[in-house]
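**Student:** Provided below for reference: sequence and predicted model.
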Amino acid sequence: MSRTSSAKKSETSSEISAVPEDRIPPRERIVSTASELFREHGIRGIGVDAIADAASTNKMTLYRHFGSKDELVCETLRRASEKADAIWRDLEAAHPGDPGAQLDAWVEMRAQCLNGEPAGCDLANAAIELKGEGHPAHEMIERHKAEQRDRLAALCSAAGAREPQLLADTLTLLLEGARVSRQAMGAASCCGHFAKACRAAIASFT
């Protein structure tokens, strides 16, 4: 199967599978396809022509929706940020009024996410690839990472942890380190101990 066919199949099956491809709005096809291609080839490793072709559209349509490739990159990262934000809503819905259970569930959900993101975190990968280029996505990435860390610190505090800021930093470092370890050494590497390490850290702060 060609890369173009593979991208189309993955896009429709995993992200917008409930809608027939010919009924998916061009903007959604472009964003979904670009996200997958950036993940596989890197942001600088794929051009707008390939993205348009894989999304069953053309470059003129792509530029009608996005003024530049940089704008498209920012939109794919904004979507990734929204998915991360949904985790917090799920935690609150699953364990209302119980921050301790929410913190434990955060560990479990992040462990599951590690298994579902073999290419790592889209935002972290973009930050590394675009470092030093003055790319407009940098501000978004920094804001997202800071907000995630601050929300985790607030949850640690609500759960009664001593030094919640330090615990949040510790858990954040474990998460980011596990992501890199998984890419460098595989799923059976030390990243497999992510949940256990997190729970040990939480226990040491309670």
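**Tutor:** That came in fine, so what should we check first?
**Student:** Could you identify the longest helix within the protein?
**Tutor:** In terms of residue count, the longest helix belonging to the chain (DSSP state H) is helix 69-94.
**Student:** Just the buried positions in that helix, please.
**Tutor:** Across helix 69-94, burial judged by 16 or more other Cβ atoms under 10 Å covers 69, 72-77, 79-81, 84, 87-88, 91. (C-beta placed from N, C-alpha, C; glycine too.)
**Student:** ranges for the helices of the protein?
**Tutor:** In the chain, the helices defined using DSSP H lie at 3-10, 26-41, 48-54, 59-65, 69-94, 99-116, 122-129, 137-158, 164-185, 194-204.
**Student:** Could you dump these into CSV and include mean pLDDT?
**Tutor:** Below are the helices of the chain laid out as CSV (pLDDT from 0 to 100):
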stretch, mean pLDDT
helix 3-10, 39
helix 26-41, 94
helix 48-54, 96
helix 59-65, 95
helix 69-94, 92
helix 99-116, 91
helix 122-129, 89
helix 137-158, 94
helix 164-185, 91
helix 194-204, 95
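**Student:** and this protein, what are its domains?
**Tutor:** The record's domain parsing of the chain by the TED database lists 23-67, 76-205.
**Student:** can you tell me the distance between the two ends of the first one?
**Tutor:** The first and last residues of domain 23-67 sit 23 Å apart, counting by Cα to Cα, to the nearest Å.
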